[in-house]
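>>> coordinates for the following, if possible.
(2 chains)
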Protein chains: 2
Amino acid sequence: MIRHIAMFTWTAEATDEQKAAVAAALHELPGLIPQIRSFTAAPDAGISQGNYDFAVVADFDNADDFLVYRDDPRHQAVIAERIRPILASRAAAQLSL
Amino acid sequence: MIRHIAMFTWTAEATDEQKAAVAAALHELPGLIPQIRSFTAAPDAGISQGNYDFAVVADFDNADDFLVYRDDPRHQAVIAERIRPILASRAAAQLSL
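Numbers count the residues shown, from 1 in each chain, chains lettered A, B, ... in the order given. This is a model prediction of the structure:
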């Protein structure tokens, strides 16, 4: 299994509406990309200091299926239209489990 | 459920032995801290460019259980003795799912 993790911080200018639109757009992807086995995407819960603002954890059967997701034009549209306009920093990894 | 995510990059001087010791020490924690419901910790698989070097995803029933893990002295010892000596940068979030 491949577990994909991505975390974002948002710019100071990002609005609550823009942040909510990221989550809404990402949550459509499991219905569009059948290679996604499990998908969680949510804002940080505010429990600890110094955290990133938002995180995605998505599981795939294998690396090829992850690449289908990564490169899917509907996913790329979420990145270009919803994430990138308010993105301050990004951290990502894929784990082979 | 609280999903805790932490990602690390390592210093250029970090050895393979030091990196392996982080994973080994972390993998002992689920046997020591019963509040951990699910625990994955592994190096980045090398599929994508620009990734962090290592990631942890750990699930807990609630925020209190996450705090037990976060503040457990055996976890703090792993951070102090294994992670911090080779740590270049850290990204973390907790998601309420």
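>>> going by C-alpha atoms from here, please, whenever you check contacts or count neighbours.
Noted.
>>> what are the ranges of the strands in chain A?
A:2-10, A:38-43, A:54-60, A:87-96 (DSSP state E).
>>> how about the ones you listed in a markdown table, adding mean pLDDT, distance to A:Q18 and mean neighbour count?
Listed next are those as a markdown table, based on pLDDT from 0 to 100; distance: least, CA to CA, whole Å; neighbours: other CA atoms under 10 Å in any protein chain shown:
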| stretch | mean pLDDT | distance to A:Q18 | mean neighbour count |
| --- | --- | --- | --- |
| strand A:2-10 | 98 | 10 | 23 |
| strand A:38-43 | 98 | 12 | 19 |
| strand A:54-60 | 98 | 12 | 22 |
| strand A:87-96 | 98 | 11 | 21 |
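>>> residues touching the closest residue to A:F8 other than its chain neighbours, list them.
Using CA to CA, 6 or more residues apart in numbering or on different chains and skipping residues adjacent in sequence, the residue nearest A:F8 is A:R90, 4.5 Å away. By CA atoms under 8 Å, 6 or more residues apart in numbering or on different chains, the residues touching A:R90 are A:A6, A:M7, A:F8, A:T9.
>>> any idea which of these is closest to chain B?
A:M7 (7.6 Å; CA to the nearest CA).
>>> my guess is the closest one contacts A:A55. True?
Yes: using CA atoms under 8 Å, A:M7 is in contact with A:A55, at 4.2 Å.
>>> what residues are shared contacts of the two?
Common neighbours of A:M7 and A:A55 (CA under 8 Å, 6+ apart) are B:A93.
>>> can you tell me the average pLDDT over the longest helix belonging to chain A?
In chain A, taking DSSP state H as the definition, the longest helix is helix A:16-27. Averaging pLDDT along helix A:16-27 yields 98.
>>> enumerate the residues of chain A near chain B.
A:7, A:40, A:42-48, A:50-55, A:63, A:91-97 (CA under 8 Å from any CA of the partner chain).
>>> for the strands of chain A, give me TSV that also has distance to B:A20.
Shown next, in TSV, are the strands of chain A (distance: least, CA to CA, whole Å):
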stretch	distance to B:A20
strand A:2-10	19
strand A:38-43	28
strand A:54-60	23
strand A:87-96	15
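>>> state the distance from A:S89 to B:A12.
Using CA to CA, to the nearest Å, we find A:S89 at a distance of 21 Å from B:A12.
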